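[1] sequence? don't have it. structure:
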Ligand SMILES: C[S@@+](CC[C@H](N)C(=O)[O-])C[C@H]1O[C@@H](n2cnc3c(N)ncnc32)[C@H](O)[C@@H]1O
């Protein structure tokens, strides 16, 4: 069943779905815009994932839409078996080049669309799905697939931008305006916190803890360095252990239990 959570303007037929997937793949094949433009964001995500997983000691981890592996290589270093899955072969190549021969023995690489990967049922202690929902139309299907592969009692760490948040709405308005002059790399879907929570809870996930912050800055501030941006976010929003102003965060990282 298709849900109606995404903007009605972009209807996914089989044909547009294939085109969308190809565009996402192309956007993350030529990935410098992401790895350099979102360095501070990746750093914060990595730290929050590590903090959420502290004390969990997962033996099997799936990083789905893994990007350059920044969020999950540490689990390999701690002795877990990690499955790195990404639709972009270029991203997986970056992960692979970061690993020693020893670590590579516990790594599995899957170059696939998450929905077609057919991962084994209830096989992961921890699934990481960070920064991927924006490229996915159907929340219910994503939640059900994730629930299928996480073992009962296992954890899911999910990240998304709350489309109902005022800062996200301003950013979307800016992007819509900018798209008149510059074609976006690919379409992104706008999901609201309320819809995401209900899709994941309906699938059987229980939210345990969240950390929220803002990454998008007003246009005039966008030229600040990634280092300063990182420190600015930490100063305003604190950390998982000492969070501040969480009500004002549009970027949401939540750990769920299956
Ligand atoms: C914004 S990046 C996030 C990367 C990483 N999780 C992080 O937080 O740094 C999104 C990643 O998801 C991948 N991706 C998007 N849609 C996907 C899909 N349907 N199946 C598998 N990977 C996907 C992209 O290729 C990209 O590497």
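    It's in. Model, not experiment: these values are computed from the prediction.
[2] chain neighbours aside, what residue packs nearest to residue 135?
    Taking Cβ to Cβ, 6 or more residues apart in numbering, and ignoring the residues beside it in sequence, residue 135 has residue 24 as its nearest neighbour in space, at 5.0 Å. C-beta coordinates here come from the backbone N, C-alpha and C atoms, glycine included.
[3] contact partners for that neighbour?
    The neighbourhood of residue 24, defined by Cβ atoms under 8 Å, 6 or more residues apart in numbering, consists of 87, 135, 186.
[4] how close does it get to the ligand?
    With distances taken as Cβ to the nearest ligand atom, to the nearest Å, residue 24 is found 5 Å from the ligand.
[5] run the chain-centre distance for the helix or strand harbouring that residue.
    Residue 24 is located in helix 14-27, with elements delineated by DSSP states H and E. On the basis of Cα atoms, centre = their mean, to the nearest Å, helix 14-27 is displaced by 18 Å from the centre of the chain it belongs to.
[6] returning to what we had before: reformat the contacts of residue 24 as a markdown table; add neighbour count and secondary structure.
    As requested, the contacts of residue 24 are arranged in a markdown table below (neighbours: other Cβ atoms under 10 Å; DSSP: H, G, I helix; E, B strand; the rest coil):
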| residue | neighbour count | secondary structure |
| --- | --- | --- |
| 87 | 25 | coil |
| 135 | 20 | helix |
| 186 | 17 | coil |
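[7] so which of the residues you listed are also by the ligand?
    Applying Cβ under 6 Å from any ligand atom to the contacts of residue 24, one finds that 87, 135 fall near the ligand.
[8] ramachandran angles for the closest residue to residue 193 other than its chain neighbours?
    Among residues not flanking residue 193 along the chain, residue 162 sits closest, at 4.1 Å (Cβ to Cβ, 6+ apart). Per-residue torsions, residue 162: phi -80, psi 110 (degrees, to the nearest 10).
[9] distance check, residue 162 against residue 134.
    The span separating residue 162 from residue 134 equals 11 Å under the rule Cβ to Cβ, to the nearest Å.
[10] please consider this matter closed, and thank you.
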